[in-house]
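S.K.: Pasting a predicted model and its sequence here:
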Amino acid sequence: MADADARTPAQIEADIKRRRDQLAETLDEIGVRVHPKTIVGDAKAKIASSVDHSLGRAYVGANRFVSDVKGQLVTENGAPRLERIVPVALVVVGLVGFFAVGSKRRKG
């Protein structure tokens, strides 16, 4: 404790001022962190990040699905695989016709 006793009053006052300034800065930072606008802004940022992440994963999944389907319906050189496209097209046309007839019956 010999160093503390050797300090001048000006050094002690400077140390007190420095600590007071640090405390004021810390209190200001705490005030900003607990302010409702800051809390809401942080929550919005977290939600937006989560949504962006989820949408990115959904996009990658959809893109992978489309690529897989395209791989089933098109050869490596880009030519259509008619042996696979024709049955799919017939099923789609059949379903559209089925629903069209069903909706006409419900209206009439």
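M.R.: All right, it came through fine. Remember, it's a predicted structure, so these values are computed and weren't measured experimentally.
S.K.: Quick check: longest helix in this protein by residues?
M.R.: Of all segments of type helix in the chain, defined using DSSP state H, the longest is helix 36-73.
S.K.: mind listing what's buried in it?
M.R.: Buried residues in helix 36-73, counted by 16 or more other Cβ atoms under 10 Å: none are found. (Each C-beta comes from the backbone N, C-alpha and C, glycine too.)
S.K.: Please tell me how far that helix is from the chain's geometric centre.
M.R.: The chain centroid and the centroid of helix 36-73 are separated by 5 Å under Cα atoms, centre = their mean, to the nearest Å.
S.K.: Heading C-terminal from it, find the next helix or strand.
M.R.: Counting by DSSP states H and E, the next helix or strand C-terminal to helix 36-73 is helix 82-107.
S.K.: Which secondary structure elements does that following helix sit against?
M.R.: Under the contact criterion of 3 or more Cβ pairs under 8 Å, 6 or more residues apart in numbering; DSSP states H and E, helix 82-107 touches helix 36-73.
S.K.: quick one, the helix it packs on and helix 82-107 angle?
M.R.: Counting by axes from the mean of the first three to the mean of the last three Cα atoms, to 10 degrees, helix 36-73 lies at 120 degrees to helix 82-107.
S.K.: by contact count, what packs against helix 36-73?
M.R.: helix 82-107.
S.K.: Mind listing what's buried along the helix it packs on?
M.R.: Going by 16+ other Cβ under 10 Å, helix 82-107 has no buried residues at all.
S.K.: roughly how far is it from the heart of the chain?
M.R.: With Cα atoms, centre = their mean, you get 38 Å for helix 82-107.
S.K.: now that helix: mean pLDDT?
M.R.: For helix 82-107, mean pLDDT rounds to 88.
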